[in-house]
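Asks: Any chance you can model this:
(2 chains)
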Amino acid sequence: MSEERVAALRNRWFTTSIGITAAITLVGFVVGFLWLPLSHPSDRFRGAWDAICSAAGLLNKPSSSEQIVTANYPTTRVEVIPHMLDSADAVSIGRGATLALRCTMCHGARGLSQANSPNLAGQYPIVIYKQLMDFKTGARGSAVMAPLVADLTASDMRDLAAYYAYLPRITDSGTGRSMPRIVASGAPLRGIAPCGACHGEVGAKAGAAWLEGQPVAYLHTQLEAFASNARHNDIDEQMRNVARAMTPQEIDAASRYYAEHP
Amino acid sequence: MWNSKRLILAHFWFAFAGFGIALLLGEWQMFIRSPLAAWISDPDLYYRSVTAHGTTMAYVLPTLVAMGFGYFVTEQALKRPMIGLHWAWLGWGLAVLGTISAIVPVALGRASVLYTFYPPMVGNAFYYIGIVLVVLGSWIWVALMAVNLYRWKRDNPGAPVPFPMFATVAGAYLWGWTAVGAALELLFQIMPVALGWRDTIDAGLARVFFSWTLHAIVYFWLMPTYIAYYTIVPRAIGGRLFSDTMGRIAFALFLVAAMPIGIHHAFEDPQVGAGFKYLHSVFTGVVAIPTLLTVFTICASVEIAGRLRGGRGVLGWLKALPWLNPAMLGTALSFVMLGFGGAGGLINMSYQLDATIHNTQWVTGHFHLIFAGAIVIMYFVIAYDIWPHLTGRALGCFGLMRAQLWLWGIGMIVLTFPWHWVGILGMPRRMAFYDYTNPALASLAMPVIMSVIGGAILVVSGALLFLVLLRGQFAPRSEPEAYRFSVAVRPPHRVPAALNGMGLWVGLMIALTIVNYGFPIAHAIATPGTAVPAVMVGERP
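Replies: Alright, predicted model coming up:
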């Protein structure tokens, strides 16, 4: 007993199932790509073809009446990707050490500051490179740093980043202070992620600085600068959005925690 | 004839062992996020647990149960030894190896990406390699199901393929094809980054690939449950299957319509056009048809059992049903959860209504009610039904089985109904920490506590499951009578060729996938500038 052929026009199961499937698809297309878009008129498209393109997800060019919003200040040009600058050779570190002689006045002979400037020893290379580049392009403003980085090339900055990343970090003083809530859990109702999720203790994300052991005055000043938009080299405004929503007590608690918890 | 008892037991035991651990993790997550516990102040531990819970429950448990039950059906329905036993053991080995490879980095906090991956987050490569190994193991099962059916048909030309085998192969083909989406995402998007070959990822494209898998995987989870509805329940309660043909049509429709609907999981994603979202909504509606056919057929089959047992009148047959029979009880509880879960699903599949509950605890409640509730309770029924035939020892403790099933049904409702409620109130999901002292969240505290209680009931139920199965493993030997599947009221002597094979339905499944996914995928690939830097998860300085 041989079976009938399924893929044949005289097989009604074949024709009916394909017919019903095609009909549902066709009706779905007409409703989803023509009827619904055209019944919600928009100046982004005119006519049936425009409606189909829009429903398919094709990007329309913005009309001339729409303004593309751009920042009225220089924005960072550094695209941070994971593992960038991860591998540095001894030559690069050595060159960085020589170049770093000009930084010692504020950042210390071994990258540990006595002057409320940030400690650079053991900082992620990505962070040092990005900040140097931002100082140079003006994305981050500083009357002190701007003239010092003016003559640095991208290669110099990579060497400096490699050198400071190579230096040993400040060691744990063992204070054992418990994490304040803003560091451990953030404030979800105000859209604040935990500080520790990016800056250490809970997790680390590419581009976010190692904060532990930084001077409290520096951390405080930077959070306030983000909140007031005086510092704006966080391209997606992630730090500005966080800092704006933080209370003064939270800024104080986070700064003190990181400063006292190396 | 029997040569796969140990193989099937190995599948079920590994699935249930993972289930037991993941169940405890789930309840721990509920507890530490609730107002009953002081916050642990370490969200990373929470996300490790969520990832382990989801990975085990979504990939390991259902895949291993579907594989084990599939091997059981192959031998029992085709009434001959299964072909490819060594390959089947290889598939099991890959699944075990994959599970271990995936769970170790999760436990170490190197892959807290949740089981749905969420690019541009990228975790340790061994997590993804583990998932790929589990999928590869399951693809061996898909191939074995196909080979066994093919050889049986070759030896029995023109004879109707036994319905349990038809349904099992439909499930296997559905999984074989739907897993391709996640495989593409893993191989071409995530793993190159995890292995350090690339630093950027097209998160939009990756999400579209995952949606290819994300909804049909639910129907793959559902398949053993539906096969049990049709082929175990009517026999177990002393009735007959109302219609063999209706069953075949339902499974054929699942194959066609479960696949091209996944973009309803990406309603809020900007990279997919509204037209395709609508089209996927339409087919999500279509996939309700085989479920409704199933509900009708099974209710009719149960009514037959009630009337055969002397039930009379419009509702009298309900009273005559064997309510003390675990298969009857499990099916009834499963249908209740399927009904509520399905009703909630109608809201999820509607473009506008979805916006009100998107990414809230409603969604968590929904998929627990459908999967952990309606589907998994039938995994227990399947285990209870086939265990004596695998171990050669009777499962005598029907009271314990009933208690286990009742607690699972009640626990799941107590767990998920408050979740739906707090979801409507706007409680987001995937959050580690809620500050219930904040007046804006205070109203969530009580429903969340109720959910914790529901979870605790489920833990008790899980413990009873192990008690029943372990007691069965050590009971005195007794050779059970030959295994039987349900017999239809009119057993098929000849079925149309279209319902005796998968060709037509697989063809429609692939064609609809191309129509519904082809353009969104091609568009995402062709659009420049969509790659974003990956966010590496779990790396420590």
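Asks: now the closest residue to chain A within the stretch 51-200 of chain B: how far from residue B:183?
Replies: At 3.3 Å from chain A, residue B:158 is the closest residue in the stretch 51-200 of chain B, using CB to the nearest CB. Where you see a C-beta, it was placed from the backbone N, CA and C, and this is true even at glycine. Residue B:158 is 36 Å from residue B:183, where distance means CB to CB, to the nearest Å.
Asks: So those two - more neighbours on which side?
Replies: More crowded of residue B:158 and residue B:183, by other CB atoms under 10 Å in any protein chain shown: residue B:183, with 18 against 13.
Asks: Residue B:520 should be in a helix, yeah?
Replies: Yes. Residue B:520: assigned to a helix according to DSSP: H, G, I helix; E, B strand; the rest coil.
Asks: In contact with residue A:74: list those residues for me.
Replies: Contact analysis of residue A:74 by CB atoms under 8 Å, 6 or more residues apart in numbering or on different chains lists A:137, A:138, A:139.
Asks: just the buried members of those residues?
Replies: residue A:139 (16 or more other CB atoms under 10 Å in any protein chain shown).
Asks: Assign the residue of the stretch 51-200 of chain B closest to chain A to helix, strand or coil.
Replies: coil.
Asks: how much space between it and residue B:497?
Replies: Residue B:158 sits 9 Å away from residue B:497, going by CB to CB.
Asks: Output the set of residues of the stretch 51-200 of chain A in proximity to chain B.
Replies: Contact residues (CB under 8 Å from any CB of the partner chain) of the stretch 51-200 of chain A with chain B: A:52, A:54-59, A:79-84, A:124, A:178-179, A:181, A:184-189, A:194, A:197, A:200.
Asks: With adjacent residues omitted, what lies nearest to residue B:205?
Replies: Among residues not flanking residue B:205 along the chain, residue B:524 sits closest, at 4.0 Å (CB to CB, 6 or more residues apart in numbering or on different chains).
Asks: Quick check: what element follows the helix or strand hosting that neighbour along the chain?
Replies: For residue B:524, the element it lies in under DSSP states H and E is helix B:503-526. Heading C-terminal from helix B:503-526, the first helix or strand you meet, by DSSP H and E, is strand B:532-533.
Asks: for residue A:204, phi and psi?
Replies: With angles defined as degrees, to the nearest 10, residue A:204 sits at phi -140, psi 140.
Asks: how does chain A divide up, domain by domain?
Replies: A:1-65, A:90-166, A:181-260 (automatic domain parsing).
Asks: These into a markdown table, with extra columns for mean pLDDT?
Replies: Shown next, in a markdown table, are the domains of chain A (pLDDT from 0 to 100):
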| stretch | mean pLDDT |
| --- | --- |
| domain A:1-65 | 85 |
| domain A:90-166 | 94 |
| domain A:181-260 | 92 |
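Asks: what's the pLDDT at the residue at minimal distance from the centre of chain B?
Replies: Centroid-nearest residue in chain B: residue B:221, 2.3 Å away (criterion: CA atoms, centre = their mean). pLDDT for residue B:221: 96.
Asks: ok, now which ones touch it?
Replies: Contacts of residue B:221 (CB under 8 Å, 6+ apart): B:58, B:62, B:66, B:371, B:375.
Asks: Need the phi and psi values for it.
Replies: Taking degrees, to the nearest 10 as the convention, residue B:221 sits at phi -60, psi -40.
Asks: now it, nearest residue through space, not along the chain?
Replies: Here the residue nearest residue B:221, using CB to CB, 6+ apart, is residue B:62, at 4.2 Å.
Asks: residues touching that neighbour, list them.
Replies: Taking CB under 8 Å, 6+ apart, one finds B:15, B:220, B:221, B:224, B:371, B:375, B:379 in contact with residue B:62.
Asks: same deal with residue B:144?
Replies: Residues near residue B:144 by CB under 8 Å, 6+ apart: B:71, B:74, B:82, B:83, B:84, B:87, B:88, B:91.
Asks: I would like a PyMOL command selecting only the buried ones among these, please.
Replies: To isolate the buried ones among these in PyMOL, judged by 16+ other CB under 10 Å, type:
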select buried, chain B and resi 71+74+82+84+88+91
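Asks: Residue B:75 belongs to a strand, doesn't it?
Replies: No. Under three-state DSSP, residue B:75 falls outside any strand and is assigned helix.
Asks: Name the residues that touch stretch A:241-253?
Replies: Under CB under 8 Å, 6+ apart, the answer for stretch A:241-253 is A:180, A:182-183, A:187, A:190-193, A:220, A:223-224, A:226-227, A:254.
Asks: mind listing the helices in the stretch 151-300 of chain B by residue range?
Replies: Along the stretch 151-300 of chain B, counting by DSSP state H, counting those that start in this stretch, helices occupy B:163-184, B:191-194, B:203-214, B:216-231, B:233-236, B:244-257, B:274-286, B:288-308.
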